[in-house]
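Undergrad: Starting from these lines, generate the structure:
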Amino acid sequence: MKSIISNEPMCLICGKPYDLHRHHIFSGYGRRKASERWGLWVYLCSRHHNMSEFSVHNDPVLDRMLREQGQSAWEERFGTREEFIKIFGRSWL
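TA: Residues are numbered from 1 along each chain as shown. Modelled structure (predicted):
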């Protein structure tokens, strides 16, 4: 499925159009597959994905920001907060 956040082939954080990774906003315990199914993924460059202290995998503030953005986008398009919690385990909002 296409991302419900952005399908532009560039880093969502800095706009770099190369060295891109596909980051699943929710992961672990089958949530990565759910992220894929519901379009909850974004393109990030390696620096913002996992190769620096400013990466989503190393910066809890950035990670939380993407999860909040993902949940908001999901609720706008697909369902209620309760339904989101059933699929992804908890609310980030």
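Undergrad: Return the list of helices and strands in contact with the helix ranked longest in the chain.
TA: As assigned by DSSP state H, the longest helix anywhere in the chain is helix 60-77. Identification of packing neighbours for helix 60-77 by 3 or more Cβ pairs under 8 Å, 6 or more residues apart in numbering; DSSP states H and E yields helix 81-88. Glycine gets a C-beta too; all of them are placed from N, C-alpha and C.
Undergrad: For this structure, give me the ranges with low pLDDT.
TA: The model of the chain has no residue with pLDDT under 70.
Undergrad: any idea what sits nearest I25, other than its immediate chain neighbours?
TA: Excluding its sequence neighbours, the residue lying closest to I25 (Cβ to Cβ, 6 or more residues apart in numbering) is G70, at 4.1 Å.
Undergrad: contacts for the longest helix of the chain?
TA: The contact list for helix 60-77 (Cβ atoms under 8 Å, 6 or more residues apart in numbering) reads 4-5, 12-13, 23, 25-26, 35, 38, 40, 42, 48, 54-57, 81, 84, 88, 91-93.
Undergrad: Pick out the residue closest to the middle of the protein.
TA: Nearest to the geometric centre of the chain sits I25, at 2.5 Å (Cα atoms, centre = their mean).
Undergrad: Quick check: buried residues in stretch 2-9?
TA: For stretch 2-9, burial by neighbour count (16 or more other Cβ atoms under 10 Å) applies to 3-5.
Undergrad: should've said stretch 34-49
TA: By neighbour count with 16+ other Cβ under 10 Å, stretch 34-49 contains the buried residues 34-35, 38-45, 47-49.
Undergrad: now do stretch 64-77
TA: 66-67, 69-71, 73-74.
Undergrad: One more: stretch 75-90?
TA: Buried positions in stretch 75-90, judged by neighbour count with 16+ other Cβ under 10 Å: 84, 87-88.
Undergrad: got JSON lines for these, with distance to L62 too?
TA: Below are the buried residues of stretch 75-90 laid out as JSON lines (distance: Cβ to Cβ, whole Å):
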{"residue": "F84", "distance to L62": "21"}
{"residue": "I87", "distance to L62": "23"}
{"residue": "F88", "distance to L62": "18"}
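Undergrad: Tell me the one of these nearest P17?
TA: Of all these, the one sitting nearest P17 is F88; the distance, using Cβ to Cβ, is 29.5 Å.
Undergrad: Fine, thanks again, bye for now.
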